[in-house]
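**Q** return atomic coordinates for the entry below.
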Amino acid sequence: ILSLTTKQYSLLVSGPFLIVCLGFIIYKIISAQKSRNIFKKVNLQGSEIEIFEEPDDSYFDKYLNEILYLFENIGSDVIVFEDIDRFESNVIFERLREINTLANVHLKNENKRLIRFFYLLKDDIFISKDRTKFFDYIVPVIPVIDSSNSFEMFLSLFKGKDDGAIFDDNFLQGLSLYVDDFRILKNIYNEFTIYYKKLNNIELDCNKMLAIITYKNIFPKDFSELQLNHGYIYTLFEKKPEFISHELIAIEDKIIPIETKIKNAQNEHLKSVNEVNIIYDPNIRKTQENIRQTPNYNTKHRQEQENLLTSLIQEKDKRLDAIEIIENNEIDVLNEKISELRRNISELKSKKLSELITRDNIDYIFKITYINEIGNEETFNSIKGSEYFDLLKYLIRNGYIDETYNDYITYFYENSLNRSDKAFLRSISDKKRKDFSYTLNNPSLIVKRLQPYDYSQQETLNFDLLNHLLGSINQHATQLKAFISQLKRNKNLIFI
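**A** Sure thing, here's the model as predicted:
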């Protein structure tokens with residue numbers, strides 16, 4: 001037999017045979033590993049290496065022994081689990097109950113104290129009576145605060161402050177309708193206290209400060225983006241010119257038909273309704289008769305006659321309206337309406353965002369989106385889909401978050417504009433007029449900061465400001481004209 005293995009042909013046959021056998025053995029090992037997972041770990045000199053991991057293994061199954069060992073030797077009889085409901089999954093409670101049961105079986109066998117799992121959860125994680133399957137005993141907790149009593153909590157926190165902050169009860173009551181979490185309320189109070197002490201050096205409005213801090217706590221990511229000139233709030237105020245343009249178009253659409261009515265009345269040469277009827281009624285009756293006599297198959301002629309009838313009726317109505325305007329002397333009334341609408345246009349440019357929002361455009365304004373430089377659209381769905389989005393709309397719609405938000409989120413550093421001048425500018429934007437004799441340190445800089453439409457507001461009435469405008473009439477003729485026009489319009493004799 002040995003001599004056969006040394007022959008050339010036997011070597012040629014035995015080599016492939018061994019390879020086939022080896023391949024078959026490897027195939028069987030792989031098949032067994034796939035079906036029964038025989039080899040999992042290799043132990044080398046006390047170090048254990050996992051070479052095959054089951055993809056469907058959960059962490060509970062994978063580390064079950066370690067978890068049981070931990071609970072059996074923890075030395076406590078109660079373990080508290082908090083905020084597990086944020087995972088929004090009931091499976092975790094099933095696994096924890098299994099672990100609790102297994103751990104207690106081992107502890108009972110070793111005559112040790114049993115472990116109780118204690119969970120702090122919200123009711124709404126379970127949508128039916130399933131919660132009784134997971135827990136042996138349920139202790140209800142009565143909420144400390146909800147929307148019905150949060151106003152009293154607001155009053156107890158903010159009304160007792162001794163830092164000079166004076167809050168509007170109506171604002172606190174409105175805010176309490178939305179903030180119903182005591183932890184959020186406490187954090188709002190703590191942050192407000194810090195912000196107000198650090199930033200209140202330019203006569204800030206404590207209600208607006210509280211609104212900003214509330215927004216910061218409810219939408220922290222958007223607040224962070226606001227400081228970088230991004231996010232929903234920043235985009236909302238950046239699009240204010242677009243909202244104004246939209247309103248301007250709506251007002252112009254109201255002016256055009258009124259101007260048309262005035263023009264028609266001025267060009268009308270007929271004197272009475274009877275004259276209009278004499279001119280148009282015969283033609284209308286004749287056209288109606290033609291339509292009745294036209295066969296149904298002659299659709300083209302019939303359509304022409306119907307169009308003619310519509311045109312005659314519209315023209316008659318237009319001339320009747322014109323005669324009615326003339327007879328009732330309404331041209332002056334219509335001109336006054338146009339003047340009022342044009343005043344609305346001039347005032348529109350000076351309005352705050354909160355003053356632009358109406359029942360008709362509120363959805364249009366708050367549904368804003370933003371398209372960046374590369375064409376990607378940001379829809380802000382995380383903000384709009386939040387349960388607190390109505391709170392954000394409330395704060396903006398009522399002017400608690402407005403164009404001056406920067407003053408409430410960062411420090412004011414004095415340079416050429418000092419604190420008293422900054423306070424005067426804020427009084428104009430907040431519509432809280434100061435005394436006419438309020439001292440301005442740098443009127444020229446204030447004039448540069450004010451927009452032409454600001455001079456139509458009573459808050460700009462100031463002796464130092466008027467003296468500066470009179471002293472530089474060549475450079476500021478437009479501002480002085482707007483200033484004097486305001487005095488004339490409002491008949492403010494006290495200032496004079």
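**Q** and the helices in the stretch 301-450 of the chain, which stretches?
**A** 331-348, 353-356, 362-366, 381-384, 389-397, 419-429, 443-449 (DSSP state H, counting those that start in this stretch).
**Q** so which elements touch the longest one?
**A** Yep, that's helix 331-348 we're talking about. Other helices and strands packing on helix 331-348, by 3 or more CB pairs under 8 Å, 6 or more residues apart in numbering; DSSP states H and E, are helix 240-267. For the C-beta atoms, the positions are set from N, CA and C on the backbone; glycine is no exception.
**Q** which element is encountered next along the chain beyond the helix it packs on?
**A** Downstream of helix 240-267, the next assigned helix or strand under DSSP states H and E is helix 273-293.
**Q** how far does that following helix sit from its chain's centre?
**A** Centre-to-centre, helix 273-293 and its host chain are 59 Å apart (CA atoms, centre = their mean, to the nearest Å).
**Q** buried stuff in that helix?
**A** Val276, Tyr280, Thr287, Asn290 (16 or more other CB atoms under 10 Å).
**Q** what sits against Lys216?
**A** By CB atoms under 8 Å, 6 or more residues apart in numbering, the contact set of Lys216 is Glu191, Phe223.
**Q** circling back: farthest pair in the buried residues of helix 273-293?
**A** Farthest pair in these (CB to CB) is Val276 and Asn290. Separation: 21.4 Å.
**Q** so the nearest residue to Lys349 once chain neighbours are set aside versus Pro295, what's the distance?
**A** Nearest residue to Lys349, sequence neighbours excluded (CB to CB, 6 or more residues apart in numbering): Tyr453, at 5.1 Å. Using CB to CB, to the nearest Å, Tyr453 is found at 65 Å from Pro295.
**Q** OK, contacts around Asn264?
**A** Lys318, Arg319, Asp321, Ala322 are the contacts of Asn264 under CB under 8 Å, 6+ apart.
**Q** how many other residues sit next to the residue lying closest to the third one once chain neighbours are set aside?
**A** When you say that, I think you mean Asp321. Using CB to CB, 6+ apart and skipping the chain neighbours, the partner closest in space to Asp321 is Lys261 (6.6 Å). By other CB atoms under 10 Å, 19 other residues sit near Lys261.
**Q** I'd guessed Lys261 sits against Arg319; true?
**A** No. Assessed by CB atoms under 8 Å, Lys261 is found out of contact with Arg319, at 11.5 Å.
**Q** re the thing from before, quick check, nearest of the contacts of Asn264 to Phe158?
**A** Nearest to Phe158 among the contacts of Asn264 is Asp321, at 58.4 Å by CB to CB.
**Q** residues near the closest one, how many?
**A** Neighbours of Asp321 (other CB under 10 Å): 16.
**Q** what's the helix or strand for Leu107?
**A** Counting by DSSP H and E, Leu107 is part of helix 91-109.
**Q** show me where the stretch 151-300 of the chain dips below the pLDDT cut-off.
**A** Along the stretch 151-300 of the chain, segments meeting pLDDT under 70 span 159-165, 201-202.
**Q** can we see that at 90?
**A** 151-186, 189, 193-206, 227-229, 241, 246-247, 250, 261, 264-300 (pLDDT under 90).
**Q** with the stretch 351-496 of the chain instead?
**A** Along the stretch 351-496 of the chain, segments meeting pLDDT under 90 span 351-352, 360-361, 370-378, 403-496.
**Q** report the separation between Asn111 and Val276.
**A** Shown here: Asn111 relative to Val276, a distance of 111 Å by CB to CB.
**Q** ok, back up a step: and the buried residues of helix 273-293 as a markdown table, adding distance to Leu391?
**A** Compiled in a markdown table, the buried residues of helix 273-293 are given as follows (distance: CB to CB, whole Å):
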| residue | distance to Leu391 |
| --- | --- |
| Val276 | 58 |
| Tyr280 | 59 |
| Thr287 | 61 |
| Asn290 | 65 |
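**Q** mean neighbour count added to the helices of the stretch 301-450 of the chain, as CSV?
**A** What follows is the helices of the stretch 301-450 of the chain, written out as CSV (neighbours: other CB atoms under 10 Å):
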stretch, mean neighbour count
helix 331-348, 13
helix 353-356, 16
helix 362-366, 14
helix 381-384, 14
helix 389-397, 19
helix 419-429, 18
helix 443-449, 16
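**Q** those helices into CSV, with extra columns for distance to Glu152?
**A** Below are the helices of the stretch 301-450 of the chain laid out as CSV (distance: least, CB to CB, whole Å):
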stretch, distance to Glu152
helix 331-348, 40
helix 353-356, 28
helix 362-366, 30
helix 381-384, 29
helix 389-397, 19
helix 419-429, 32
helix 443-449, 42
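**Q** can you tell me the SS state at Val80?
**A** Assigned with DSSP: H, G, I helix; E, B strand; the rest coil, Val80 falls in the strand class.
**Q** without its sequence neighbours, what residue ends up closest to it?
**A** Val80's closest residue in space is Phe118 (CB to CB, 6+ apart), at 4.7 Å.
**Q** buried sites along the one helix or strand that neighbour maps to?
**A** Using DSSP H and E, the element containing Phe118 is strand 116-120. Neighbour-count burial for strand 116-120, with 16+ other CB under 10 Å as criterion, is recorded at Phe117, Tyr119.
**Q** any idea of the mean pLDDT in it?
**A** The average pLDDT within strand 116-120 is 88.
**Q** who are the packing partners of that strand?
**A** With contacts taken as 3+ CB pairs under 8 Å, 6+ apart, strand 116-120 sits against strand 78-82, helix 91-109.
**Q** the helix or strand just after it: how far from the chain's middle?
**A** Sequence order places helix 131-134 as the next helix or strand after strand 116-120, per DSSP H and E. Mean C-alpha position of helix 131-134 versus that of the full chain (CA atoms, centre = their mean) differs by 38 Å.
**Q** now do stretch 179-195
**A** For stretch 179-195, the distance to the chain centre is 20 Å (CA atoms, centre = their mean).
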